[in-house]
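Enquirer: Mind looking at a prediction? Sequence and model below.
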Amino acid sequence: MTPVAATVFVVDDDTAFLKALTRLLRSAGFEVCSFSSAPAFLDQHDPGTPGCVLLDLSMPALSGLEVQAALAAAGCKRSIVFITAHGDIPISVQAMRAGAVHFLTKPIEDEDLFAAIREAIEKDRLARLEQSDRAAIDGRLATLTRREREVFLRIVAGLMNKQIAADLGTVLSTIKVHRARIMTKMGVGSLADLVRMAEHAGIVPHQAQPRR
């Protein structure tokens, strides 16, 4: 099974290895974009392109870890598979803690390489799906009026309509109207769905407690 609509960005200063690796990956059905230097990759890399980075750890100008840090600083959560000719446990731990998917030591078995790349691509796909879902929820939240937002926060905190009305100093019927509009604007049919959406948006119960 080969990935679709995803690119493997290969970055390695060893041009002979880079060419061989590029040929191997393309023969396995992967879309490949290769770079012989880290600065060239960072200059031309498009974070909007789905896929992963196959990144050499030791390179002149910028190391693999520095490239990883530069991507993170730019807000790019690109899935990374590190490759190196010298296994270094402390560095591999540092790379994994910073979000690397795998740390492979040359020579690399083809199937191990393909498996690592597929895992990295899948991680990228899920991250992009999560980002898309979060953006959609944020867009719906933006349609709420200030008062609807206040009611929304109290609903997902578990307050009943009567409690919300008392807390906001209004009548029960008004809260019911706000609640119905909130459900419509957020595109949900149940309280459970609304709570799950709030959690997905990073709104946790203690943030939604009524004002005293």
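Expert: Structure received.

Enquirer: buried residues in the longest helix seen in the chain?
Expert: Of all the segments of type helix in the chain, defined by DSSP state H, the longest one is helix 110-141. Neighbour counts over helix 110-141 (16 or more other CB atoms under 10 Å) mark 113-114, 116-118, 120-121, 123-125, 137, 140-141 as buried. Where you see a C-beta, it was placed from the backbone N, CA and C, and this is true even at glycine.

Enquirer: Name the next helix or strand following it along the chain.
Expert: helix 146-156 (DSSP states H and E).

Enquirer: in that following helix, what counts as buried?
Expert: Of all the residues in helix 146-156, those buried under the rule 16+ other CB under 10 Å are 148, 150, 151, 152, 153, 154, 155, 156.

Enquirer: Also stretch 70-77?
Expert: Buried-residue list, stretch 70-77, by 16+ other CB under 10 Å: 70, 71, 77.

Enquirer: May I have the strand or helix carrying residue 67 as PDB, with CA atoms only?
Expert: In the assignment (DSSP H and E), residue 67 maps to helix 64-73. In PDB, the C-alpha atoms belonging to helix 64-73 read as follows (Å, rounded to 0.1, in the frame of the first residue of the first chain):
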ATOM      1  CA  GLY A  64      18.700  17.900  11.700                       C
ATOM      2  CA  LEU A  65      17.800  18.900  15.200                       C
ATOM      3  CA  GLU A  66      18.200  22.600  14.200                       C
ATOM      4  CA  VAL A  67      15.900  22.000  11.200                       C
ATOM      5  CA  GLN A  68      13.400  20.400  13.500                       C
ATOM      6  CA  ALA A  69      13.600  23.400  15.800                       C
ATOM      7  CA  ALA A  70      13.200  25.800  12.900                       C
ATOM      8  CA  LEU A  71      10.100  24.100  11.700                       C
ATOM      9  CA  ALA A  72       8.600  24.100  15.200                       C
ATOM     10  CA  ALA A  73       9.400  27.800  15.600                       C
END
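
Enquirer: tell me the mean pLDDT for it?
Expert: Average pLDDT, helix 64-73: 90.

Enquirer: Same check on stretch 178-192?
Expert: On average, stretch 178-192 scores 94.

Enquirer: so how far is that stretch off the chain centroid?
Expert: 27 Å (CA atoms, centre = their mean, to the nearest Å).

Enquirer: what sits up against it?
Expert: Residues outside stretch 178-192 that contact it (CB atoms under 8 Å, 6 or more residues apart in numbering) are 137, 140-141, 143-144, 147-148, 151-152, 155, 161, 194, 197.

Enquirer: Adding distance to residue 177, write the buried residues of stretch 70-77 out as a markdown table.
Expert: Output for the buried residues of stretch 70-77, formatted as a markdown table (distance: CB to CB, whole Å):
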| residue | distance to residue 177 |
| --- | --- |
| 70 | 50 |
| 71 | 47 |
| 77 | 40 |
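
Enquirer: coming back round to it: name the nearest of the buried residues of helix 146-156 relative to residue 103.
Expert: Among the buried residues of helix 146-156, residue 156 lies closest to residue 103 (CB to CB), at 40.4 Å.

Enquirer: pLDDT and distance to residue 176 added to the buried residues of helix 146-156, as TSV?
Expert: Listed next are those as TSV, based on pLDDT from 0 to 100; distance: CB to CB, whole Å:
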residue	pLDDT	distance to residue 176
148	95	13
150	93	15
151	94	10
152	95	14
153	93	17
154	94	13
155	94	11
156	93	16
